[in-house]
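Enquirer: Could you work out the structure for the sequence below:
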Amino acid sequence: MKRILALVFVMFSPVVACAQDDSAPSQSVPPDIILPGETADLSEFLWIKRPLIVFADSPADPRYTLQMEYLTERLEDLDERDIVVLTDTDPSADSALRERLHPRGFMLVLIGKDGTIYLRKPLPWDVREISRVIDKMPMRQQEMRDRRGGS
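Expert: Predicted coordinates:
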């Protein structure tokens, strides 16, 4: 009986180890990267985060669904670039974000840490394209130099 238990333990220990390894990356990303935008105040992110706002007229909009898939596939890249994703899928709510940015249907908006609008797109973009725009920003370049220890 002891041999059978030992054999079962040995057989399933790699499965448990793999399951633990798979969950580790998702725990390294803070859960507050994607937030509802209906009540968000952009001033709370000023000089701290880069808001990426995803507007749609409905959460069932295929462009919204595709955009959220793109974003959730690479949350680590978003976290590395200090991005917070704000979603607004209710045009009838008249949120402060909608009043300021005036979306029509689906719209993706990237705002820098300084509050400047750097990108407006009527179609979904993947994280790689968004990252390229961010990495060209002077503040992001300074952040990369600081992390490398350069001047």
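Enquirer: Show the model's pLDDT score for the closest residue to Tyr64 other than its chain neighbours.
Expert: Nearest-residue entry for Tyr64: Ala56, 3.6 Å, with adjacent residues in sequence omitted and distances by C-beta to C-beta, 6 or more residues apart in numbering. (Glycine included, C-beta is placed from N, CA and C.) Here, the pLDDT recorded for Ala56 equals 98.
Enquirer: now Leu5
Expert: You'll see Leu5 listed with a pLDDT of 41.
Enquirer: The one 3 residues further on too?
Expert: The confidence metric pLDDT takes the value 40 at Val8.
Enquirer: Next, the contact list for the residue nearest to Tyr64, please.
Expert: With contact set as C-beta atoms under 8 Å, 6 or more residues apart in numbering, Ala56 has these partners: 63-64, 88-89, 105-106.
Enquirer: what's the closest of the residues you listed to Arg145?
Expert: Sorting these by how near they are to Arg145, with C-beta to C-beta, puts Asp88 at the top with 34.1 Å.
Enquirer: residues in contact with the closest one?
Expert: Taking C-beta under 8 Å, 6+ apart as the definition of contact, the neighbours of Asp88 are 36-38, 53-56, 95, 97-98, 103.
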